[in-house]
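[1] Quick one, fold the following:
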Amino acid sequence: MAQIDLAPIGEQKRSPNKPTTTAPQTEFSFTDQDFDYIRQFLYQETGISLSPIKRQMVYGRVVKRLRYCGCQSVAAYLRKMRQSEDEKEKLINALTTNKTHFFREQHHFDFIKQHLLAKWAQQPKTRIWSAGCSTGEEPYSLACLIHLFIVYLRSKGSSASFQDARILATDLDTNVLERAKRGVYCESALDSIPESYLKSCFHKGRGENLGHIQVKPEVAQQVVFNQLNLQRPWPIQAELDLIMCRNVMIYFDKQTQKSLIQRFYDQLKPGGYLIIGHSEGLGELSHLFEHKGMTIFRKRED
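    Purely as a prediction, here's the structure:
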């Protein structure tokens, strides 16, 4: 990825054709230069490309950090952020969006249940990556699928029972990862969980967790959570059976998407699967995969 000039605010060259302006009706001065700097910072750090229409959203989230840090202006906050790796991480957390629920896009999970679980159960090990896992609903949904299938196999006396199945769940945002590790969710989450999984995979909260549900330990133990920046080297050694990266690439530009898809391809074992979001595609790298429908792709083995 090309390096972007991130000289401190006040030291960047201004374009003579683009005067610095201040957005109207804001408590703090927030210039075009401030906004462009933040967009460039986020792109260089994460590959996320913010649209100009996100200006008001960015302003609101920067101001929350500004107040928390006790700064008196956006410029002062950005100076502080540049000097602190911890604050850089907190700003990235604040600017990234995390919205999900259990068994989101149910047909993806139906495909896994119908076409992949029986095969995986007979393997010596199964490795899955939930990339962009947010607060954990996606990897826990996958763990529920596997857990209930193991219960089914045992009830049938089958010897195929997932000897070694692990789900790596990663996200850029360290805040959502902490919530995910707890595995505790509001009871409103019940609306998206099929009834067949409730009793087997979740406890109903009591005491301080009243009004919540919690993922059972035997389900949660299948999932390993780690912070990971998709634009940095991946500390993943194994070839993967499945990568789910849904509604993440929509925040990247075309070149970053292409690079990421190539890296996913390289990380999958032959015949492994990549599942992406419904507004996403593989572009000119689609020849590397066999399309199975509903944004489900199988890595070609030839």
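[2] residue ranges of the strands in this structure, please?
    Along the chain, the segments classed as strands by DSSP state E run 126-131, 165-171, 184-186, 202-204, 212-215, 223-227, 240-245, 268-276, 289-293, 296-299.
[3] where's the closest residue in space to Val248 that isn't next to it in sequence relative to Glu87, distance?
    Take Val248 and drop its neighbours on the chain: the residue closest to it by CB to CB, 6 or more residues apart in numbering is Gly132, 3.9 Å away. In this view, the C-beta of every residue, glycine as well, is placed from N, C-alpha and C. Gly132 sits 23 Å away from Glu87, going by CB to CB, to the nearest Å.
[4] More neighbours: the two, which one.
    It is Gly132, of Gly132 and Glu87, that has more neighbours when counted by other CB atoms under 10 Å, with 25 against 17.
[5] OK, contacts around Ser286?
    If you count contacts by CB atoms under 8 Å, 6 or more residues apart in numbering, Ser286 has them with Phe297.
[6] per-residue confidence for it?
    In this model, Ser286 is scored at 96, pLDDT.
[7] Gln56 now?
    Looking at Gln56, its pLDDT stands at 89.
[8] Neighbours of it, how many?
    When counting by other CB under 10 Å, one arrives at 12 neighbours for Gln56.
[9] And it, how far from Phe28?
    13 Å.
[10] what does Ser159 give?
    Taken as CB to CB, the span from Ser159 to Phe28 is 65 Å.
[11] Compare neighbour counts for these two and give me the winner.
    More crowded of Ser159 and Phe28, by other CB under 10 Å: Phe28, with 19 against 9.
[12] nearest residue to that one other than its sequence neighbours?
    Closest to Phe28 by CB to CB, 6+ apart is Val74, at 5.3 Å.
[13] what's the answer for Ile296, then?
    Ile275 (5.2 Å).
[14] wait, that neighbour sits on Ile243?
    Yes: using CB atoms under 8 Å, Ile275 is in contact with Ile243, at 7.3 Å.
[15] Surely Trp120 is in contact with Ala165, unless I've mixed up the numbering?
    Yes: with contact defined as CB under 8 Å, Trp120 reaches Ala165; the gap is 7.0 Å.
[16] which residues do the two both contact?
    Shared contacts of Trp120 and Ala165, defined by CB under 8 Å, 6+ apart, comprise Thr126, Ile146.
[17] Pull the contacting residues for Ile38.
    Contacts of Ile38 (CB under 8 Å, 6+ apart): Leu50, Val58, Val62, Leu78, Leu91, Leu95.
[18] how does it look with 6 Å?
    The contact partners of Ile38, by CB atoms under 6 Å, 6 or more residues apart in numbering, come to Val58.
[19] Can you find the helix or strand of the chain with the lowest average pLDDT?
    helix 85-95 (a mean of 88; mean pLDDT, DSSP states H and E).
[20] Which positions in that helix come out as buried?
    Of all the residues in helix 85-95, those buried under the rule 16 or more other CB atoms under 10 Å are Glu87, Glu89, Lys90, Leu91, Ile92, Asn93, Ala94, Leu95.
[21] Which of those residues sits closest to Lys269?
    Of all the buried residues of helix 85-95, Lys269 sits closest to Ile92, with 31.3 Å by CB to CB.
[22] how far away is the closest one from Ala180?
    Ile92 is 17 Å from Ala180, by CB to CB.
[23] One more: Glu45?
    21 Å.
[24] cool, His147 as well?
    His147 is 17 Å from Ala180, where distance means CB to CB.
[25] circling back: out of Ile275 and Ile243, which sits in the busier spot?
    Higher neighbour count among Ile275 and Ile243: Ile243, with 24 against 20, using other CB under 10 Å.
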